[in-house]
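> got a structure for you, letters missing:
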């Protein structure tokens, strides 16, 4: 079983910065977390990948955030962070931490944290 706890959302003006963090806790199994990352969902839109670190350490970014967002992961503590700079109103969404776990790559999601970019 995996629990993901997010922190760091909020309201920021355009051009500002926010940092999201997600801590994963694993219980009752010998398996480990593979990939970790962030998705977002804006009102009336589908959930989309923002950035991820794969199980092999490869970094993946959505085109819309390249050069502005940076994802980092600490495997020792099972945490993943997303540094968001030069935020735009279109970055407004609920951001969800995501992890894949075990040999079957089961998906786990955090509860979501709101990011609002507005003046």
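It's in. Everything numeric here is computed off the predicted structure, so don't read it as measured data.
> show me the contacts for residue 105.
Taking C-beta atoms under 8 Å, 6 or more residues apart in numbering as the criterion, residue 105 is in contact with 34-35. In short, each C-beta sits where N, CA and C put it, glycine included.
> pLDDT at it, what is it?
Residue-level confidence at residue 105 comes out at 86, pLDDT.
> now do the one 3 residues further on
We note a pLDDT of 95 for residue 108 in this prediction.
> got any ranges where the chain has weak pLDDT?
Screening the chain residue by residue with the criterion pLDDT under 70, one finds the ranges 28-30.
> and the most centrally placed residue in it, how far is that from residue 82?
Against the mean C-alpha coordinate of the chain, by C-alpha atoms, centre = their mean, the closest residue is residue 38 at 2.2 Å. Going from residue 38 to residue 82 by C-beta to C-beta, to the nearest Å gives 5 Å.
> what do these two both touch?
A shared contact of residue 38 and residue 82, defined by C-beta under 8 Å, 6+ apart, is any residue touching both; here these are 20, 50-51, 71, 95.
> what's the closest of those to residue 59?
The shortest separation between residue 59 and any of those is 6.2 Å, and it belongs to residue 71 (by C-beta to C-beta).
> Surely that closest one forms part of a strand?
Yes - with DSSP: H, G, I helix; E, B strand; the rest coil as the criterion, residue 71 is part of a strand.
> Could you list the buried residues of stretch 12-20?
The neighbour-count check on stretch 12-20 (16 or more other C-beta atoms under 10 Å) flags 12, 18, 20 as buried.
> what sits against the nearest residue to residue 2 once chain neighbours are set aside?
Once its chain neighbours are removed from consideration, residue 2 has its nearest residue in residue 108; the separation is 4.4 Å (C-beta to C-beta, 6 or more residues apart in numbering). Going by C-beta under 8 Å, 6+ apart, residue 108 touches 2-4, 24, 98-101.
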